[in-house]
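> Sequence plus predicted model, see below.
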Amino acid sequence: MKKLFHKKNVIIKFFLILFIFFIIIYYFFVVSPVVKTYTAAETRALTEKAINIAVSNVINQSLRYDSLIDISYNANGEIVSFTANQFEINSISREIVEQAQLEVSYLGENGLNINIGTFSGIPFLIGRGPNINLKLTPIGAVSSNFESLFESVGINMTKHTLYLYVNVHVSIVLPIKSYDIYTSNQVLLAESIIVGKVPEVYLNGSIIGKSLNLIP
């Protein structure tokens, strides 16, 4: 009788261990990739929204291209230099980064709601069922960098566009595992159509970042 009872216990333990092993394998190879993809998309959407709010709070319609970039011409009407308003550009960048950091911190407070069906890894259950709140941890820095692009739009006409890239690093904490998400959002600061031949030194490079070393 004792041997039979012992044998049943061994069988139950074996299947229990097998079941736990199956759950672990299923989580890491089925559930985790689905949840990671879903939460990454949701997090990127939320961080993009946070950055858009920050940008709308800082940049207004009165911001003009000529308040950021000054173009110098010679006596023949030829362009000889571009000068960036370093103080104004850095000031705008700093404000956007600070506002974005504040908005992203709200994500950490509120977390991310994900439907329990998503954890099943079954496609038709994704987005279904009650919500589970996942913790989001903003990792230190919201950073930014500039880019200026020149594009020919006609004879002696060039479009100059000035972009600010806002970069966000967020960590998502899931059961057993956590991972980091990096997002970069392009913000249009200003653009203008320039009449006159733009020197090759500007067409082949950037007047922001490298030439003037503008770092917010």
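Great, that's in hand.

> so which helix or strand takes in T158?
Element membership for T158, per DSSP states H and E: strand 157-173.

> For stretch 143-157, buried residues please.
Going by neighbour count (16 or more other C-beta atoms under 10 Å), the buried part of stretch 143-157 is S143, S144, N145, F146, S148, F150. Quick note: C-beta positions are derived from backbone N, CA and C, even for glycine.

> For it, what is the distance to the chain centroid?
Using C-alpha atoms, centre = their mean, to the nearest Å, the distance from the centre of stretch 143-157 to the centre of the chain it belongs to is 22 Å.

> Stretch 47-60 now?
13 Å.

> If we go by neighbour counts, what in the helix or strand that the strand holding T158 is followed by is buried?
Sequence-wise, the next helix or strand downstream of strand 157-173 (DSSP H and E) is strand 178-195. Using 16+ other C-beta under 10 Å as the test for burial, strand 178-195 gives I181, T183, N185, V187, L189, A190, S192, I194.

> mind listing what strand 178-195 pairs with, with the direction of each?
strand 157-173 (antiparallel) (DSSP bridges).

> Give the buried residues for the strand it pairs with.
T158, H160, L162, Y163, L164, V166, N167, V168, H169, V170, S171, I172.

> same deal with stretch 84-92?
A84, I89, N90, I92.

> wait, what's in contact with the nearest residue to G77 once chain neighbours are set aside?
The shortest distance from G77 to any residue other than its chain neighbours is 6.3 Å, reached at G196 (C-beta to C-beta, 6 or more residues apart in numbering). Taking C-beta atoms under 8 Å, 6 or more residues apart in numbering, we find G196 in contact with Y73, G77, E78, I79, N156.

> Of those residues, select the buried ones using a ChimeraX command.
Command for ChimeraX that selects the buried part of the contacts of G196, burial taken from 16+ other C-beta under 10 Å:
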select :79
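
> between the contacts of G196, which is nearest A45?
Among the contacts of G196, I79 lies closest to A45 (C-beta to C-beta), at 41.1 Å.

> need the contact list for the closest one.
Residues near I79 by C-beta under 8 Å, 6+ apart: I71, S72, Y73, I194, G196, K197, V198, P199.

> Return the distance of stretch 145-163 from the chain's centre.
Counting by C-alpha atoms, centre = their mean, stretch 145-163 comes out at 24 Å from the chain centroid.

> what is the mean pLDDT for it?
Averaged over stretch 145-163, pLDDT sits at 82.
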